[in-house]
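# the following comprises the amino acid sequence and a computationally predicted model.
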Amino acid sequence: MRGADADASTGPSFLRACRRQPVACTPVWVMRQIGRYLPAYQAVRARMSLLDLCKTPDAAAEVTIRAVEILGVDAAIIFADILLVMEPLGVGLSFLQGEGPMIHRPVRTGEAVRRLPDVDPAESVPFVFEAVRLAREGLGGRVPLIGFAGAPFTLASYLVEGRPSRAFLETKHLMHADPDAWHTLMERLAVLSTRYLNGQIAAGADAVQLFDSWVGCLSPDDYRRFVLPHSRRVIASITPGVPVIHFGTGTAGLLELMQEAGGDVLGLDWRVDLGQAWGRLGDGVAVQGNLDPALLLASPAEIRRGVRAVLDGAAGRPGHIFNLGHGVLPHTPWDHVVAMVDAVHELSTGTGASGRFGSRA
Ligand code: CP3
């Protein structure tokens, strides 16, 4: 008998893949899908700042939908930012052209942690939830909408460092020198992240991604002690039934621990072989990834070759969402992103629908 789960045509392919159900062709979306490389986004940003765009729900919803229309992707991601929840903490957030986000009053001591106010995103960032409502309405069910938040570690790294960092030495110092302050900070951020995600779900997000973008800087031992319990709490507190994508970069040494923290889908970056990484994790989890974003600067023929290699790694197993290993780079030609999306759809057609796993030539 063909139950609903065996029918690859029932329901959006992105949500089916999150749940490891077969699909007619591999769903694809990209991180920073609405980013600076798109002329339609540049035109909007010429009129308003990043923060103003995030705070203008109809404009944020519109760019969210435009990206889907231009690229032909299988999921939308709400236009917002993981750092929006920082502004109401009173730490001074700004996005400086060419330098990335800045926190003007970094949080580096137990005293500073205790001074952080308890804020409810429903009151402090209502515009994000309104943008989710409008985007969902505007999409009219064409593709699912992804909500997102920063994971506690990645949020903490911005709060403690105050500026983009490579080594995260201030963050590691707080962790090791004052573990009580560290855990208090992480508990506060876990609550904030959970409320932010569940608020987006209540407003209509169909799935959520937890961005732990910089967690790959940690040793497995530090991840286990200082991060895992907090990420686990966030993921365990997400509204039941809504798929969670747990994403990080540089995490080759942490994948099993991230899986332990939770998530229906684990994000992989390009430094790991997708097939090998999925083999380590087992069939109980879906995976997302993992083309090198730099490959989108190459020719469409090279892009197609790279897409085929990633799809070969997934080998038609149900539960693969195609994505880049991290966000689209600013100078990427937008038609190269379209070439990638088209190649994913074309080269994966029929791989999972028939249930002939591993049948790719
Ligand atoms: O993916 C999408 O299309 C949705 C929109 C989105 C933005 N930020 C808008 C944005 C998403 C998912 C984010 C998440 C985000 N923000 C993360 C996690 C993802 C990742 O990249 O690891 C992080 C670490 C941030 C913090 C942040 N915001 C940084 C580091 C920067 C500067 C990036 C740069 O390259 O300069 C931002 C600014 C930002 N947020 C931009 C966009 C489109 C840059 C473009 C602009 O200034 O208009």
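In hand now; what should we look at? What you are looking at is a predicted structure, and each value in this text was computed from that prediction instead of being measured. Residues are numbered from 1 along each chain as shown.
# where does the stretch 201-350 of the chain have low pLDDT?
350 (pLDDT under 70).
# show me the helices in it, by range?
220-222, 228-236, 255-261, 274-281, 300-314, 334-348 (DSSP state H, counting those that start in this stretch).
# just so I know, which of these lies nearest the ligand?
helix 334-348 (11.4 Å; CB to the nearest ligand atom). Every residue, glycine included, has its C-beta placed from N, CA and C.
# same for that closest one, what does it pack against?
helix 57-71, helix 300-314 (3 or more CB pairs under 8 Å, 6 or more residues apart in numbering; DSSP states H and E).
# okay, the ones you listed, which one's buried deepest?
Mean neighbour count (mean count of other CB atoms under 10 Å) peaks for helix 57-71 among the helices and strands packed on helix 334-348, with a mean of 20.
# returning to what we had before: may I see the helices of the stretch 201-350 of the chain organised as CSV, with distance to residue 192 added?
Formatted as CSV, the helices of the stretch 201-350 of the chain follow (distance: least, CB to CB, whole Å):
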stretch, distance to residue 192
helix 220-222, 22
helix 228-236, 9
helix 255-261, 17
helix 274-281, 28
helix 300-314, 34
helix 334-348, 32
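# who are the contact partners of the residue of the stretch 151-300 of the chain found nearest the ligand?
Using CB to the nearest ligand atom, the single residue of the stretch 151-300 of the chain nearest to the ligand is residue 213, 3.1 Å away. By CB atoms under 8 Å, 6 or more residues apart in numbering, the residues touching residue 213 are 150, 154, 247, 248, 249, 326.
# can we see that at 6 Å?
Going by CB atoms under 6 Å, 6 or more residues apart in numbering, residue 213 touches 154, 249.
# repeat that for the one 4 residues further on.
Residues touching residue 217, when contacts are defined by CB under 6 Å, 6+ apart, comprise residue 168.
# one more time with 10 Å
153, 157, 165-169, 171-172, 223, 248-251 (CB atoms under 10 Å, 6 or more residues apart in numbering).
# now do residue 66
34, 38, 40, 41, 43, 44, 76, 79, 138.
# could you rerun that using 8 Å?
Applying CB under 8 Å, 6+ apart, the residues contacting residue 66 are 34, 38, 40, 41.
# count the neighbours of the second one for me.
To tie it back to what came earlier, the one meant is residue 38. If you count neighbours by other CB atoms under 10 Å, residue 38 ends up with 22.
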